[in-house]
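Enquirer: Show me how the following folds:
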Amino acid sequence: MSIVDYYTTQVEVKRLAQVGATDKETYQTHIASLNCRIEAEGSEPVMFEDGSTYNLFTMWCGSVDIKEGDRIMSGSTTYTVRGISIFNKVAQSHHMEISLALPR
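Expert: As a prediction, the model looks like this:
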């Protein structure tokens, strides 16, 4: 069984981008549809350096263009990308493990 068989959740990836010729930015669709797997990293919330409390999750997916600060939209839930690890298999990207934060 391949790791891809576990990618049963479909999400949208949004990235902060400039609005036209203005000095404003907004989150815009970067990847419209991505198959992945998202699981909770425990039941206890974590407090970040800014004093905000979050629940942590891990997302696994194929190798795609995702970076810290992107938002992952799964239905009505919006996660923020906090960290990325890439796992390689014989000189090619095999899959990514992405740390997500969900505000409480």
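
Enquirer: can you pull the alpha-carbon coordinates of stretch 11-19 into CSV?
Expert: Extracted in CSV, the C-alpha atoms of stretch 11-19 (Å, rounded to 0.1, in the frame of the first residue of the first chain):
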residue,chain,number,x,y,z
VAL,A,11,-8.1,20.8,0.6
GLU,A,12,-7.4,24.2,-1.0
VAL,A,13,-4.2,26.1,-0.4
LYS,A,14,-4.3,29.9,-0.1
ARG,A,15,-1.3,32.2,-0.2
LEU,A,16,-1.0,35.9,0.7
ALA,A,17,-0.7,37.9,-2.6
GLN,A,18,-0.8,41.6,-3.6
VAL,A,19,-4.1,42.9,-4.8
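
Enquirer: Run through who's touching that stretch.
Expert: 24-34, 36, 38, 59, 64, 66-67, 69-74 (Cβ atoms under 8 Å, 6 or more residues apart in numbering). Bear in mind the C-beta positions are built from the backbone N, C-alpha and C, glycine included.

Enquirer: list the buried ones in it?
Expert: Using 16 or more other Cβ atoms under 10 Å as the burial criterion, the residues of stretch 11-19 that qualify are 11, 12, 13, 14, 15.

Enquirer: Which of those lies at the shortest distance from residue 81?
Expert: In terms of Cβ to Cβ, no member of the buried residues of stretch 11-19 lies closer to residue 81 than residue 13, at 8.5 Å.

Enquirer: Just the strands from this protein, written as ranges.
Expert: All strands of the chain, identified by DSSP state E, fall at 9-18, 25-40, 46-47, 53-61, 71-74, 77-89, 92-103.

Enquirer: Among these, single out whichever gets nearest to residue 2.
Expert: Nearest of the strands of the chain (Cβ to Cβ): strand 92-103, 9.9 Å.

Enquirer: Stretch 68-85: end-to-end distance?
Expert: 11 Å (Cα to Cα, to the nearest Å).
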